[in-house]
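In: no letters, just coordinates:
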């Protein structure tokens, strides 16, 4: 039914390795999460001062989006044509805990602002001037079936022409980010946008490219 | 695409336990906002709309948190009266909340299970289990647009044929976490909030729960219909709204276009109207940009405060009552126009034939949402 929509690119950041379309492009095995995120930022020679003030969730999602969108034609779209449908299990709990610790002293607005998961969405939108539809859903586990249905609906009804979707979750040093760039058209190495392929990429299994 | 009907609804708030009770109070100009001096919330007295702490004692409080009991109480009667079955495979539960059980960070011991107990998916699963929903519930958590987004998501899942019925419930609890955060932003008003007023000084917070049951079943064709909606992002700032309002205006324009409506078709706007300087200014600009500056517009924050994940639902439900009773509610707290782009802020209870209402909201992360519904 939805054969027109395709995964143009995907990026996974897990266990201190960054993968772009399955290929490992950076690793720093011994670092804790903040040090790992900073080392990846420096390795890819990214220059975006706002990165330093972000919380871990936003840094992780933002880095994954930078790698995902690298060498794609995302800039060819109008701002309103690109949106983000993201999900995770722990919302912003990692930053919530940091914020509540500040409250007994002086509540920190710089920490409080990161106590919503969709702040990460906002950071990616600001970086890329994406003004299309966004949404943040909370699931116990990555729900490829829901993402497939919801994103297909947005693309097939011309709400969006390109959608960045997936999972970005942080709890302490436990984390995982898997982002997909889904577009209406096909490209040379694109993969059909299906629940099966989303699950295969998420779980690092063999991808059915046919 | 099939039409989406609002089968039934509930508001459970400090103003009442049903939609009818709430609308009666609001119609009489009664607000839930009161001055509270509660050291668990804040060191100084503060205006908030709060439940009496013993109000919801009829459910097992050892198993369910206060947040979960709010969700359950709001859904319970209206679901059984609606005749829609939670155990039907064509029925889905959607939960909208910004912070859910976050007050457990203040009250519970820091043990390894706390993370999962706080998680919104845990609350959703427990509430779904209470009613026997067979489908896995969906949780929307997208700052202050969560409520509208949950309604819109439910409507889309019905229109795409994935479900026939969707129960949308939203709630948030006001704890020190949330209050101190808005205070740290200097965003809390020292008086009850005054949306769109020149002397507005910020937000007043409130707690509440609300439920809307949506269905495509033609037997509800005489009910109010959700015609469509849209979401946009400012791509400007994570905590300050757009300077121009162009992005909210874009969401409004898309909403009208999806619904096949023109600006002249809108009889009433239920704005977000948080009474922060920036929000109301941006919202007025957006309403004007969309060609709606003459349309009667209210903010209901003066009655309920900002109820976060419940706000979009409560304000939609009250506005549906306005359509049904052909009655426009005044903006409690508003006296003098305080936005540079004047809009038609309602100031008195006015009888007028009403058919179609636009509801808007904006939130942290630069998100905007609009939805339109009609008799």
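Out: Alright, I've got the coordinates. Every value quoted in this text rests on a predicted model; they were computed, and no experiment measured them.

In: contacting residues for the closest residue to residue A:161 other than its chain neighbours?
Out: Spatial nearest neighbour of residue A:161, excluding adjacent residues (C-beta to C-beta, 6 or more residues apart in numbering or on different chains): residue A:81 at 4.1 Å. Bear in mind the C-beta positions are built from the backbone N, C-alpha and C, glycine included. Taking C-beta atoms under 8 Å, 6 or more residues apart in numbering or on different chains, we find residue A:81 in contact with A:132, A:160-162.

In: from chain B, how far out is residue A:81?
Out: Note on residue A:81: its distance to chain B, by C-beta to the nearest C-beta, to the nearest Å, is 12 Å.

In: got phi/psi on that residue?
Out: Phi and psi for residue A:81, reported as degrees, to the nearest 10, are phi -90, psi -10.

In: how about the helices in chain A?
Out: Ranges of helices within chain A are A:33-43, A:56-69, A:93-103, A:109-112, A:118-128, A:144-156, A:195-202, based on DSSP state H.

In: right, and residue B:32 touches residue B:49 too?
Out: Yes: using C-beta atoms under 8 Å, residue B:32 is in contact with residue B:49, at 3.6 Å.

In: name the nearest residue to residue B:44, sequence neighbours excluded.
Out: Per C-beta to C-beta, 6+ apart, closest to residue B:44 is residue B:37, 7.8 Å.

In: how confident was the prediction at the one you found?
Out: Per-residue confidence for residue B:37 comes out at a pLDDT of 95.

In: so it sits against residue B:45, correct?
Out: Yes: the criterion here is C-beta under 8 Å, and residue B:37 meets it with residue B:45 at 4.2 Å.

In: write out the residues of the stretch 51-200 of chain B neighbouring chain A.
Out: Residues of the stretch 51-200 of chain B found near chain A (C-beta under 8 Å from any C-beta of the partner chain) are B:98-100, B:102, B:105-106, B:115, B:118-122, B:124-125, B:136, B:138-143, B:149, B:153, B:156-157, B:160, B:162, B:176-177, B:180-185.

In: hmm, try it at 6 Å
Out: B:102, B:105, B:120-121, B:139, B:141-143, B:149, B:156, B:160, B:177, B:180-181, B:184-185 (C-beta under 6 Å from any C-beta of the partner chain).

In: quick one: which of the residues you listed has the most company?
Out: Counting neighbours by other C-beta atoms under 10 Å in any protein chain shown, residue B:149 leads those with 33 neighbours.

In: got the phi and psi for that residue?
Out: Main-chain dihedrals, residue B:149, degrees, to the nearest 10: phi -60, psi -40.

In: measure the residue nearest to residue A:18 when sequence neighbours are not counted to chain B for me?
Out: Distances taken as C-beta to C-beta, 6+ apart place residue A:26 nearest to residue A:18, at 4.3 Å, with adjacent residues excluded. To chain B, residue A:26 is 26 Å away according to C-beta to the nearest C-beta.

In: got any ranges where chain A has weak pLDDT?
Out: Counting by pLDDT under 70, chain A shows low-confidence ranges at A:1-3, A:206-210.

In: get me the contact residues on chain A for chain B.
Out: Residues of chain A lying near chain B (C-beta under 6 Å from any C-beta): A:91, A:96, A:100, A:103, A:107, A:109, A:112-113, A:116, A:118-119, A:121-122, A:125-126, A:129-131, A:133-136, A:138-140, A:153.

In: between the contacts of residue A:81, which sits nearest residue B:93?
Out: Distance to residue B:93 across the contacts of residue A:81 (C-beta to C-beta) is lowest for residue A:160, with 25.9 Å.

In: what's the neighbour count on that closest one?
Out: 26.

In: ok, it touching residue A:151?
Out: No: using C-beta atoms under 6 Å, residue A:160 makes no contact with residue A:151, being 8.1 Å away.

In: ok, back up a step: how about the helices of chain A in TSV, adding distance to residue B:308?
Out: Formatted as TSV, the helices of chain A follow (distance: least, C-beta to C-beta, whole Å):
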stretch	distance to residue B:308
helix A:33-43	29
helix A:56-69	20
helix A:93-103	14
helix A:109-112	14
helix A:118-128	13
helix A:144-156	23
helix A:195-202	31
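
In: tell me which of those sits nearest to residue A:4.
Out: Closest among those, using C-beta to C-beta: helix A:144-156, at 7.8 Å.

In: so the residue in the stretch 251-375 of chain B that chain A sits nearest to, which of the three states?
Out: Among all residues of the stretch 251-375 of chain B, residue B:365 sits closest to chain A, at 3.6 Å; criterion: C-beta to the nearest C-beta. The three-state assignment at residue B:365 reads coil, by DSSP: H, G, I helix; E, B strand; the rest coil.

In: that one touches residue A:122, doesn't it?
Out: Yes: between residue B:365 and residue A:122 there is a contact under C-beta under 6 Å: 3.6 Å.
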